[in-house]
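Engineer: Next one to model:
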Amino acid sequence: MNRFSPKLSLKSPIALALTVTFSASILSACGGGGGQEETTNTPASDSSPAASGDGLKLGALLPVTGDLSSIGQNMPEAVKLAVDEINACDGVNDKPVTLVSEDSQTDPTAGASATTKLAEVDQVAGIVGAFASSVSSAAIPIAAKNKVMMISPGSTSPVFTEEAKAGKFEGYWARTAPPDTYQAQALAALATKKGFKNVGTVVINNDYGVGFEQEFMTAFEKEGGKITDKEKPVRYDPKAATLDSEAAASFANEPDAVAAVLYAETGSVLLQAAYKQGLTEGVTVLLTDGVYSDDFVKQVGQTADGKSILAGALGTVPGANGQALETFSSKWQEKTGKDVTAFVPHSWDATILLMLAAEAADANTGEAIQSKILEVANAPGTEVTDPCEAMKLVRQGEDINYQGASGNVDIDEYGDVVGSYDVWTVKEDGTTEVIDKVSPAE
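Structural biologist: As a prediction, the model looks like this:
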């Protein structure tokens with residue numbers, strides 16, 4: 001994520017009007033060091049007794065604070081809800097599951113420290129996280145060294161695919177959101193579909209931003225488009241005091257649109273700077289899932305006549321649809337009283353997959369989960385969406401192909417899913433709305 005996350009209007013264009021109202025904190029996941037850690041060493045289900053030493057213990061490493069917190073705040077709640085769900089149907093391997101939650105702070109240093117604690121002190125078998133790709137980059141080597149299975153609900157950097165192909169993770173890494181290899185291609189397809197010929201770029205200077213930038217440039221040029229800043233790509237430092245010069249550079253050379261790969265807190269400052277310099281008039285801003293949030297739109301601000309500065313902006317976000325999403329959305333609203341937001345279904349699915357794999361392996365260790373994660377996520381096997389029904393089939397020795405709320409979660413040998421993408425736009429009143437779908441193949 002790298003992005004992600006946010007409370008956004010994840011209104012999926014299916015019968016379900018899935019509103020992702022990015023009002024709880026979402027994508028604050030990139031900066032800062034210190035250590036606010038929120039740890040829960042009791043079972044995630046209040047009605048369950050504490051798990052004994054050999055019960056399954058999971059960790060969550062997600063951004064409750066930091067640059068991605070606007071998107072990330074609902075994610076730990078989704079993880080807890082998934083653990084509660086499975087504990088209500090007899091847990092894993094005949095024992096309740098215990099959950100330990102840590103705040104990644106959207107900061108690699110804090111994330112690495114929290115991962116070390118989860119792996120070596122709490123001795124979890126699996127971790128849901130991280131969200132920011134920069135945090136996952138710091139955390140995965142620690143998890144893999146300790147044989148802890150990590151499943152990220154939103155780290156989408158293409159770097160992880162290449163590192164997995166090189167054997168660096170030894171199978172202890174997967175994600176339920178597709179990599180930016182695909183989203184960048186989808187955003188390029190969207191730009192082409194809208195008739196844009198000349199597009200500038202501006203990205204946060206980290207694995208997420210630079211990886212996305214490179215994939216987008218390649219895909220857009222393949223479609224016949226021109227990148228206006230290709231010779232000197234604009235990459236901003238999230239710790240910079242001002243972003244005026246970066247804003248000016250990204251909107252230079254009269255682009256039809258600017259592809260902006262941002263985090264919410266710092267990205268809003270950059271786009272405000274572009275507007276104040278009079279650079280945004282007649283230029284469409286193309287955004288990604290990392291800022292898919294009504295909160296982000298509010299941060300960017302309004303024009304003098306009360307309209308959103310970002311009115312007309314377009315973006316992509318990993319799509320989620322189908323009966324599984326509708327069922328999950330109802331459950332989420334019943335349990336939390338909130339709308340489903342971006343990457344909440346992906347967090348739920350990551351947690352369910354970890355527990356199903358442990359049950360399938362008949363053991364509560366990271367090695368056991370790693371050995372069965374692809375088996376429960378992919379064909380062949382009975383397609384099943386309900387977690388408790390899936391757990392029941394696994395206990396009976398049946399092969400399953402879990403179908404998640406975030407999609408089919410068919411995970412390949414490098415930990416990737418492909419997925420499709422919802423196209424969202426910002427309306428004049430500052431709200432977000434899903435208006436279309438786009439796929440990398442387009």
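
Engineer: Can you get me a residue count around the nearest residue to Lys222 once chain neighbours are set aside?
Structural biologist: Counting by CB to CB, 6 or more residues apart in numbering, Ala188 is the residue found nearest to Lys222 once chain neighbours are left out, at 7.7 Å. In short, each C-beta sits where N, CA and C put it, glycine included. Residue neighbour count, defined by other CB atoms under 10 Å, stands at 28 for Ala188.

Engineer: swap in Val83?
Structural biologist: So Val83, with other CB under 10 Å, has 28 neighbours.

Engineer: next one: Val121
Structural biologist: Look at Val121: counted by other CB under 10 Å, it has 10 neighbours.

Engineer: What's the separation between it and Val100?
Structural biologist: With the distance defined as CB to CB, to the nearest Å, Val121 ends up 9 Å from Val100.

Engineer: next structured bit after the helix or strand of the chain with the lowest mean pLDDT?
Structural biologist: Least confident helix or strand, the chain: helix 69-72 with a mean of 87, by mean pLDDT, DSSP states H and E. Toward the C-terminus, helix 69-72 is succeeded by helix 75-88 as the next helix or strand (DSSP states H and E).

Engineer: Which residues does that following helix contact?
Structural biologist: If you take CB atoms under 8 Å, 6 or more residues apart in numbering as the criterion, helix 75-88 is touched by 5, 38, 43-45, 47-48, 58, 60, 62-64, 92, 96-97, 99, 101, 128, 131, 153, 331-332, 335-336, 343-345, 347-348, 350-352, 355, 387-388, 391.

Engineer: Restricted to strands, list those.
Structural biologist: Among these, the members found in strands (DSSP state E) are Leu58, Ala60, Leu62, Leu99, Ser101, Val128.

Engineer: between those residues, which has the most around it?
Structural biologist: Going by other CB under 10 Å, Leu62 tops these with 38 neighbours.

Engineer: State the pLDDT value of it.
Structural biologist: For Leu62, the pLDDT comes out at 98.

Engineer: so what's it up against?
Structural biologist: Leu62 neighbours (CB under 8 Å, 6+ apart): 72, 75-76, 79, 101-104, 128-131, 153, 347.

Engineer: Among the residues you listed, show me the least confident.
Structural biologist: Gly72 (89).

Engineer: Helices along this structure, start to end?
Structural biologist: 69-72, 75-88, 108-116, 133-145, 159-165, 180-193, 207-222, 244-250, 264-276, 294-300, 323-336, 344-361, 366-377, 387-395 (DSSP state H).

Engineer: winner for burial among the ones you listed?
Structural biologist: helix 69-72 (a mean of 35; mean count of other CB atoms under 10 Å).

Engineer: From the chain's centre, how far out is it? Work that out for me.
Structural biologist: Relative to its parent chain, helix 69-72 has a centroid offset of 10 Å by CA atoms, centre = their mean, to the nearest Å.

Engineer: Which elements pack onto that helix?
Structural biologist: On a contact count with 3 or more CB pairs under 8 Å, 6 or more residues apart in numbering; DSSP states H and E, helix 69-72 meets helix 264-276.

Engineer: avg pLDDT for the helix it packs on?
Structural biologist: pLDDT averaged over helix 264-276 gives 95.

Engineer: same question, stretch 300-308
Structural biologist: For stretch 300-308, the per-residue pLDDT averages 96.

Engineer: Of all the residues in that stretch, which ones are buried?
Structural biologist: Val300, Gln302, Ser308 (16 or more other CB atoms under 10 Å).

Engineer: quick one: which of the residues you listed is nearest to Tyr402?
Structural biologist: Nearest to Tyr402 among these, counting by CB to CB, is Val300 at 38.0 Å.

Engineer: Distance check, the residue lying closest to Val261 once chain neighbours are set aside against Gln277.
Structural biologist: With CB to CB, 6+ apart as the criterion, Val261 has its nearest non-adjacent residue at 4.0 Å, and that residue is Val203. Val203 is 19 Å from Gln277, where distance means CB to CB.

Engineer: These two: which is more packed in?
Structural biologist: Higher neighbour count among Val203 and Gln277: Val203, with 25 against 12, using other CB under 10 Å.
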